[in-house]
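Peer 1: next comes the sequence, and after it the predicted model I'd like to discuss.
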Amino acid sequence: PRFLTRQDFFDDLGNVLSEHICVKHFYAVRAAYVPVMSFEYNGIDIDMVYSQLQIDIIPKNWDIFDDENLRNLETQSILSLNGTRLAQKVLQLVPNKDVFKMSLRAIRHWAKARGIYSNKIGYLGGVSWAILVARICQLYPNMTTSMVVKNLSTR
């Protein structure tokens with residue numbers, strides 16, 4: 001919403017999160033291309049981005065895919081929203097969503113285990129891996145999860 005500033009997000013919410021008992025490995029990157037707070041919450045890795053919308057209350061039917069909702073937003077807010085927009089669009093474009101989701105989960109685990117999962121340090125990140133897995137799923141729509149994972153992890 002319009003009244004929540006970037007400073008509120010990083011200072012106030014950041015302080016609450018960093019001190020929460022369920023949060024580990026908290027860090028905030030304010031100066032990133034897409035400013036982000038990253039942390040682990042009960043064992044789940046979370047990257048939380050900030051976007052300031054030009055409305056006071058977000059209606060239930062607010063559509064993240066409606067380009068009109070991007071009007072008058074600052075560039076960093078648009079970039080923050082684009083991550084979610086892209087993820088949903090990729091999911092719409094794969095023929096077998098279950099194979100895609102399971103394959104992506106396995107590939108993420110594989111890449112993290114080898115220390116090659118993080119766009120923050122120069123490797124492929126979540127979106128990049130998702131696009132690669134989605135493309136394999138599109139090219140070979142009848143592949144099983146194990147075949148997709150084998151195809152990507154042995155090249």
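Peer 2: Happy to help now that I have it.
Peer 1: pLDDT wise, what is the closest residue in space to Leu53 that isn't next to it in sequence at?
Peer 2: Ranked by C-beta to C-beta, 6 or more residues apart in numbering and with sequence neighbours excluded, the top spatial neighbour of Leu53 is Pro1, at 6.0 Å. All C-beta atoms are positioned from the backbone trio N, CA, C, and that covers glycine. If you check Pro1, the pLDDT there is 77.
Peer 1: and Pro1, how many neighbours does it have?
Peer 2: Residues lying near Pro1 (other C-beta atoms under 10 Å) number 10.
Peer 1: then the one 3 residues further on?
Peer 2: Burial of Leu4 is recorded as 14 neighbouring residues (other C-beta under 10 Å).
Peer 1: that one is in contact with Gln52, isn't it?
Peer 2: Yes. Here Leu4 reaches Gln52: they are 6.5 Å apart, a contact under C-beta atoms under 8 Å.
Peer 1: got the contact list for the residue nearest the centre of the chain?
Peer 2: In the chain, the centroid-proximal residue (C-alpha atoms, centre = their mean) is Gly83; its distance is 5.6 Å. Neighbouring residues of Gly83 by C-beta atoms under 8 Å, 6 or more residues apart in numbering: Val34, Val49, Val127.
Peer 1: mind doing that once more with 10 Å?
Peer 2: Val34, Val36, Asp47, Val49, Ser51, Gly126, Val127 (C-beta atoms under 10 Å, 6 or more residues apart in numbering).
Peer 1: format those as TSV; extra columns: neighbour count and pLDDT.
Peer 2: Formatted as TSV, the contacts of Gly83 follow (neighbours: other C-beta atoms under 10 Å; pLDDT from 0 to 100):
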residue	neighbour count	pLDDT
Val34	18	86
Val36	19	91
Asp47	14	90
Val49	19	93
Ser51	22	91
Gly126	17	84
Val127	14	85
